[in-house]
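Undergrad: Sequence below, structure please.
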Amino acid sequence: MLTGCRSNVPIVMPTLIPTVILPTLTPKPTLAATLALPTLPPTWTPDPTVRPTQPASPVPPTPPPNPAEQTAQAPISAITNDTGATILTITEAQLNAALARAYEDAPLASYTTAPLVTVGDGALVLTLSIVPQNAPVGAKPLTMTLVGTLAIYNGALEFQPTDLSPLNVGVTTRQVKLAHALLVRTLNEVARDSTGATGSQTFNFASIVLGQISLTLVSASS
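TA: Presented below is the predicted three-dimensional model:
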């Protein structure tokens, strides 16, 4: 029976899969996810009671003094000669400052500003701002120019007009004479203040050169 059951078919042995031995990997040590950082002391702790020092603000430079203002406020030159007479030298700026003070103390009717003097070579030029006498209310002033020289009459200082312009514009002679009188009164007051005279004063000489006036006078005590 065994013989009868055999056949000529060869017996095939099963194929075995070779066994692969993998190397065992040693895991590397892992670092902790977070590291504790050392605590450093603060470099600066603000004091709530003390404010940080602020840089000082720059001081603006002082503007240079105005030479014209310095001249106007400077003492008037007063020199006493051997005969006892006093020679005064009054600059244009000093005279205009004195006129402005006198006008501020007692403004002239119909004038909008104090008379302004220009000291030329041998003559004084007064620039006047006057509202014509019969002008309507709110009318603008006119600019007048009065030219004259200084003269001495019996020891008194006078202003002698030589020209007025423009003419026939509604400004009266009486209005112009207000500036005339203010100029003479101011010059006399300047002379009295500069010499300290308390009595009468007699003028001997007056001259006008470019930019200044020279007066020679003798003062008497009261």
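
Undergrad: List the buried residues of stretch 214-222.
TA: 215-219 (16 or more other CB atoms under 10 Å). Placement of C-beta: from N, CA and C, glycine included.

Undergrad: What average pLDDT does that stretch get?
TA: Averaging pLDDT along stretch 214-222 yields 88.

Undergrad: got the buried residues of stretch 214-222 as a markdown table, with secondary structure and distance to residue 128 columns?
TA: Below are those laid out as a markdown table (DSSP: H, G, I helix; E, B strand; the rest coil; distance: CB to CB, whole Å):
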| residue | secondary structure | distance to residue 128 |
| --- | --- | --- |
| 215 | strand | 23 |
| 216 | strand | 28 |
| 217 | strand | 27 |
| 218 | strand | 32 |
| 219 | strand | 31 |
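
Undergrad: and which of these is nearest residue 197?
TA: Minimum distance to residue 197 across the buried residues of stretch 214-222 is 3.4 Å, recorded for residue 219 (CB to CB).

Undergrad: Next, count neighbours for the closest residue to residue 92 other than its chain neighbours.
TA: If the residues on either side of it in the chain are set aside, residue 92 comes closest to residue 119, at 4.2 Å by CB to CB, 6 or more residues apart in numbering. Residue 119 has 20 neighbours, counted by other CB atoms under 10 Å.

Undergrad: For the longest helix that the chain contains, buried residues please.
TA: As assigned by DSSP state H, the longest helix anywhere in the chain is helix 173-195. Buried positions in helix 173-195, judged by neighbour count with 16+ other CB under 10 Å: 175-176, 178-180, 182-183, 186-188, 190-192, 194-195.

Undergrad: Other residues contacting the helix or strand following it?
TA: As assigned by DSSP states H and E, the chain's next helix or strand after helix 173-195 is strand 201-209. Strand 201-209 is contacted from outside by 85, 119-124, 149-152, 155-157, 188, 191-192, 195, 213-220, using CB atoms under 8 Å, 6 or more residues apart in numbering.

Undergrad: what's the angle between strand 201-209 and helix 173-195?
TA: Counting by axes from the mean of the first three to the mean of the last three CA atoms, to 10 degrees, strand 201-209 lies at 110 degrees to helix 173-195.

Undergrad: circling back to that earlier point, my read: the residue nearest to residue 92 touches residue 214, true?
TA: No: in this structure, residue 119 is not within contact of residue 214 by CB atoms under 8 Å, at 10.7 Å.

Undergrad: what lines up beside the helix or strand harbouring residue 143 in the sheet?
TA: Counting by DSSP H and E, the element that carries residue 143 is strand 142-153. Strand pairing for strand 142-153, determined by DSSP bridges: strand 124-130 (antiparallel), strand 156-165 (antiparallel).
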